[in-house]
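Trainee: fold the following for me, if possible:
(one chain, ligands or ions: 1)
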Amino acid sequence: MDKNALIRKFNKQAAMYERNSRQRTLGVWRSRLLQHLDGNVLELAVGAGANFPYYNSDTVDLTAVDFSPEMLRSAQRMASKLDLKVTFKQQDIEKLQLPERSFDAVVSTLSLCGYDDPLHVVNKMNQWCKPGGEICFLEHGISHNKLLGTTQNILNPIARRISGCHFNRDILGIIRSSDVELMKTERYYGGMVHLIWARST
Ligand SMILES: C[S@@+](CC[C@H](N)C(=O)[O-])C[C@H]1O[C@@H](n2cnc3c(N)ncnc32)[C@H](O)[C@@H]1O
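Mentor: Prediction:
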């Protein structure tokens with residue numbers, strides 16, 4: 001899909017993401033991934049800032065990237081409510097240039113579904129993170145259950161058109177074939193949701 005059309009699609013969803021940013025189950029997962037991080041943290045595809053309540057605002061200095069100006073406006077409101085230090089960048093992550101090995105940790109939640117080439121983005125995350133630094137993911141992808149997976153494959157073209165996201169990405173396959181070192185994974189909701197802890201190599 002054309003990038004400008006995708007940005008317009010996410011702009012329209014920003015108010016909904018802002019309203020739903022405190023969803024309970026997601027909140028538990030976000031907290032488990034993020035509460036212990038500190039230093040310079042890079043968050044990709046930040047959306048409306050749903051992760052912000054789970055960072056330690058005393059110890060985290062966040063750089064947050066998204067290509068949707070409306071999502072970034074919502075995220076800015078969230079950051080000021082929480083007094084979280086955030087540098088915002090409005091950019092296409094697939095073309096993003098950042099100094100290599102400059103972040104203590106890199107975070108992606110519900111973002112690998114959106115890129116044309118998610119493996120390329122994961123490898124860039126590896127490069128932007130200091131060696132040994134934490135790279136964590138909360139992602140949705142194709143289920144290991146045959147029936148669910150087939151349904152996701154059938155619905156994917158419609159889902160992509162409506163939401164801008166792919167519903168059938170092989171998240172573990174992407175992470176395993178990337179440069180990051182996989183440390184721990186958990187799967188929920190019929191294997192459609194992944195929590196992934198990895199390290200930069
Ligand atoms: C499903 S939302 C997830 C938002 C947030 N990470 C969360 O956990 O709620 C996907 C976000 O990725 C952003 N996005 C998708 N593709 C992108 C790209 N190529 N560059 C920058 N942002 C992108 C969208 O604007 C949207 O804010």
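Trainee: next, the buried residues of the longest strand along the chain.
Mentor: Taking DSSP state E as the criterion, the chain has its longest strand at strand 129-140. Buried residues in strand 129-140, counted by 16 or more other C-beta atoms under 10 Å: 129-130, 133-140. Any C-beta I mention is one placed from the backbone N, CA and C, and that applies to glycine too.
Trainee: any idea which element residue 152 lies in?
Mentor: According to DSSP states H and E, residue 152 maps onto helix 146-163.
Trainee: what about residue 50, how many residues nearby?
Mentor: Residues lying near residue 50 (other C-beta atoms under 10 Å) number 22.
Trainee: surely it and residue 109 touch.
Mentor: Yes. Using C-beta atoms under 8 Å, residue 50 is in contact with residue 109, at 7.5 Å.
Trainee: what is in contact with the two at once?
Mentor: Common contacts of residue 50 and residue 109, defined by C-beta atoms under 8 Å, 6 or more residues apart in numbering, comprise residue 30.
Trainee: ends of stretch 28-39, how far apart?
Mentor: Terminal residues of stretch 28-39 are spaced 22 Å apart (C-alpha to C-alpha, to the nearest Å).
Trainee: next, see if that stretch gets close to the ligand.
Mentor: No. Stretch 28-39 lies apart from the ligand when judged by C-beta under 6 Å from any ligand atom; the minimum separation is 7.4 Å.
Trainee: quick one: mean pLDDT for that stretch?
Mentor: Summarised as a single mean, pLDDT over stretch 28-39 is 97.
Trainee: measure the closest residue to residue 199 other than its chain neighbours to the ligand for me?
Mentor: Excluding its sequence neighbours, the residue lying closest to residue 199 (C-beta to C-beta, 6 or more residues apart in numbering) is residue 181, at 4.5 Å. Distance, residue 181 to the ligand, using C-beta to the nearest ligand atom, to the nearest Å: 23 Å.
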